[in-house]
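Enquirer: Model the following, please.
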Amino acid sequence: MKKAMIDAEILERHNRQREAAHRRDLEYLAERLARSGIVLEAVLDELATFEVALPTWAMAAGGTRFGRFPIPGEPRTIFEKLEDAAVIHQLTRATPRVSPHFPWDVVDDWAALRAHAEALGLGFDAVNSNTFQDQPDQPYSYKLGSLSHADPAVRRQAIAHNLQVVAWGQELGSTALTVWLADGSNYPGQMHLRRSFERVQESLAEIYAALPEGWRMLIEYKPYEPAFYATVIQDWGSALLLAQALGERAQCLVDLGHHLPNTNIELIVARLIGAGKLGGFHFNDAKYGDDDLTAGSIKPYQLFLVFNELVDAAREGVPGFRPAYMIDQSHNVKDPIEALLQTVDHLQRAYARALLVDREALSHYQETGDVLMAERTLRAAFETDVGPLVAEVRRRRGGALDPVLAFRESGYRQQKARERSTPATAQAPGYA
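Expert: Below is the predicted model of the structure:
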């Protein structure tokens, strides 16, 4: 039996107090959907399949270049991060895996860490390497790049780190390596644009060749930061070139914050699906740049349109379509657990709305050039209040009707503030 971090009685009481109102809301929605020929139970079945991985680096309060403000009770170790992740999974029933980041999450006893996760009902998703920071014991600096560095010794060090991360991932049962590089330049002339890209491709090829059977490599891109003139893997086209050159198990990872303002991200998603190279997502939201805000908090319609492409590909049965869903956020002013509970809810709502799209009608309007009705078909799904659907899926799977309120009612944060009285020493997350 898995260890429950929140007392089952607290959760049952939370749901019991809200169940009557929830049932009325669900019955109203079922009747409304039925008028459009949508069967509630079918939507619930599909919605129940949605899962997203939690990032270990988002369990503690994040930071900015100006500072970090830890909160009482935040986790100090990877073991405590897993406990907080288990709380989120217990309340949402949609986050059964955790994505660790190395060397931040390195431990001496991998078997103990894996056993701890299994006891909490958790597994491990993609592992993340880190060549955007120098580590205390490394001989060469990444100040001017890692896998793209002009010095072969630096590249070998970065390759060795990625291979070590894969080995640690094997200890945990992971099957994917996510690579994000800070490599780039701040000034014209600093870096040879073509050769630096070729060196990254050669380095990734060495890592790719050593991947265990069944593993995937997920390649991120980012237009700027920390390099502000040119990044080596700047855009989805660069990531796609690398993935295509490396092989079938190399794919692109779309971080929603890694785009310039007003970029049509759903179009990028569609292109990568068409190329068979959509590997996964880092979900978050942004107003200006890589803001790492709560997914769906700024641009909920964009998030819906992304999920619309994903559902469309799934319904069509696109070969090899199996994107990995992960969250990548930095929580500077919200309680991290509450922010992640809110995020999962926003993702489930976006997915639920995408499931409601009348695809037969949409295709007809697209093919016949009926612009207004095509847009209206999408808007009808987006404007549907799917809250009762998402809540019902959680309830049926043993989660909370309202995860954030259930978390507050549990007193978990206050309990951990007493137990974790030693100030947090974890490094402020700087992952992008």
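
Enquirer: tally of neighbours for Val39?
Expert: For Val39, the count of nearby residues is 11 (other C-beta atoms under 10 Å). Where you see a C-beta, it was placed from the backbone N, CA and C, and this is true even at glycine.

Enquirer: pLDDT weak spots in this protein?
Expert: Scanning the chain for pLDDT under 70 picks out 1, 422-432.

Enquirer: Check it for its longest helix and report it.
Expert: helix 8-35 (DSSP state H).

Enquirer: same for it, what does it pack against?
Expert: Judged by 3 or more C-beta pairs under 8 Å, 6 or more residues apart in numbering; DSSP states H and E, helix 8-35 is in contact with helix 40-47, helix 387-396, helix 403-410.

Enquirer: okay, these in CSV with mean neighbour count and distance to Cys252 next?
Expert: Output for the helices and strands packed on helix 8-35, formatted as CSV (neighbours: other C-beta atoms under 10 Å; distance: least, C-beta to C-beta, whole Å):
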stretch, mean neighbour count, distance to Cys252
helix 40-47, 15, 25
helix 387-396, 21, 28
helix 403-410, 20, 31
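
Enquirer: Adding distance to Ala381, write those out as TSV.
Expert: Listed next are the helices and strands packed on helix 8-35 as TSV, based on distance: least, C-beta to C-beta, whole Å:
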stretch	distance to Ala381
helix 40-47	11
helix 387-396	12
helix 403-410	23
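
Enquirer: what about the residue lying closest to Leu246 once chain neighbours are set aside, how many residues close to it?
Expert: Ranked by C-beta to C-beta, 6 or more residues apart in numbering and with sequence neighbours excluded, the top spatial neighbour of Leu246 is Tyr208, at 4.6 Å. When neighbours are defined as other C-beta under 10 Å, Tyr208 has 23 of them.

Enquirer: Let me see the contact set for Tyr208.
Expert: Shown in contact with Tyr208 (C-beta atoms under 8 Å, 6 or more residues apart in numbering): Met217, Leu246, Gly247, Arg249, Ala250.

Enquirer: same check, this time on Glu46
Expert: Leu355.

Enquirer: can you give me the helices in the stretch 201-350 of the chain?
Expert: 236-246, 265-274, 300-316, 336-355 (DSSP state H, counting those that start in this stretch).

Enquirer: how many other residues sit next to Leu242?
Expert: For Leu242, the count of nearby residues is 24 (other C-beta under 10 Å).

Enquirer: Would you confirm that it contacts Ile233?
Expert: Yes - between Leu242 and Ile233 there is a contact at 6.9 Å, judged by C-beta atoms under 8 Å.

Enquirer: any common contacting residues for these two?
Expert: Contacts common to Leu242 and Ile233, judged by C-beta under 8 Å, 6+ apart, are Val200, Ile219.

Enquirer: now the strands: where do they sit in the stretch 101-250 of the chain?
Expert: All strands of the stretch 101-250 of the chain, identified by DSSP state E, counting those that start in this stretch, fall at 123-124, 127-128, 176-179, 184-185, 216-220, 230-231, 250-255.

Enquirer: Glu31: which of these is closest?
Expert: Minimum separation from Glu31 across the strands of the stretch 101-250 of the chain (C-beta to C-beta) falls at strand 250-255, 36.8 Å.

Enquirer: quick one: strands adjacent to that closest one?
Expert: strand 216-220 (parallel), strand 278-283 (parallel) (DSSP bridges).

Enquirer: Which of these sits closest to Ser99?
Expert: Closest among the strands paired with strand 250-255, using C-beta to C-beta: strand 278-283, at 9.1 Å.

Enquirer: Can you say which of the contacts of Tyr208 are buried?
Expert: Met217, Leu246, Arg249, Ala250 (16 or more other C-beta atoms under 10 Å).

Enquirer: separation between the residue lying closest to the first one once chain neighbours are set aside and Gly387?
Expert: Counting by C-beta to C-beta, 6+ apart, the nearest residue to Met217 once its immediate chain neighbours are dropped is Ala250, at 4.6 Å. From Ala250 across to Gly387, the span is 39 Å (C-beta to C-beta, to the nearest Å).
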